[in-house]
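Asks: Make a model of this:
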Amino acid sequence: MLNLTIDHDSPEPPFEQLRIGVFARVRTGELAAGTKMPTVRALAARLGLAPNTVARAYKELEEDGVLETRGRLGTFVASSGDPTQDAAGRAAVAYVTAIRRLGLDDEAALHFVRAALG
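Replies: Numbers count the residues shown, from 1 in each chain. Next comes the predicted model:
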């Protein structure tokens with residue numbers, strides 16, 4: 001069972017609190033790959049949120065590779081591994097694509113990465 005609470009007095013929007021909460025539980029292993037998530041309506045009712053709020057959080061988590069929807073079967077924790085690694089890999093591919101479009105070589109790409117890290 002997904003044990004989350006939403007602080008309705010927080011400056012952080014409820015959908016973001018939910019997104020961060022699910023993401024954190026996936027990263028710690030509390031929500032393992034393949035775990036079935038509550039339906040949007042059920043989770044909204046349990047947390048005192050509008051269904052659209054939960055749907056937005058689920059949608060963003062799907063875009064991040066944390067959740068996957070399997071049609072009528074429901075929404076599940078993605079089985080692709082650590083979503084942080086997946087997101088980092090996608091970001092790296094996007095960066096290299098942008099560098100190539102700019103006509104820069106690998107050394108220039110690494111230079112910019114080192115500068116950003118450092």
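
Asks: Student question: in the protein, what's the helix or strand with minimum average pLDDT?
Replies: Every helix and strand of the chain was ranked by mean pLDDT, DSSP states H and E. The lowest is helix 83-101, at a mean of 79.

Asks: does Asp7 really touch Leu18, like I thought?
Replies: No: judged on Cβ atoms under 8 Å, Asp7 makes no contact with Leu18 at a distance of 11.1 Å. C-beta coordinates here come from the backbone N, C-alpha and C atoms, glycine included.

Asks: Counting neighbours, go ahead and name the busier of those two.
Replies: Leu18 (24 against 9; other Cβ atoms under 10 Å).

Asks: check contacts around the residue nearest to Leu18 when sequence neighbours are not counted.
Replies: With Cβ to Cβ, 6 or more residues apart in numbering as the criterion, Leu18 has its nearest non-adjacent residue at 4.1 Å, and that residue is Ala57. Shown in contact with Ala57 (Cβ atoms under 8 Å, 6 or more residues apart in numbering): Phe15, Glu16, Leu18, Arg19, Val22.

Asks: Spell out which helix or strand contains Ala42, please.
Replies: When elements are assigned from DSSP states H and E, Ala42 belongs to helix 40-47.

Asks: Now do that helix: everything it contacts.
Replies: Defining contact as Cβ under 8 Å, 6+ apart, one finds that helix 40-47 is touched by 2, 4-6, 14, 18, 37-38, 49-51, 53-55, 58.

Asks: ok, so of these, who is nearest Glu30?
Replies: Leu2 (9.0 Å; Cβ to Cβ).

Asks: Assess the claim that the closest one and Glu30 are in contact.
Replies: No: using Cβ under 8 Å, Leu2 is not in contact with Glu30; the gap is 9.0 Å.
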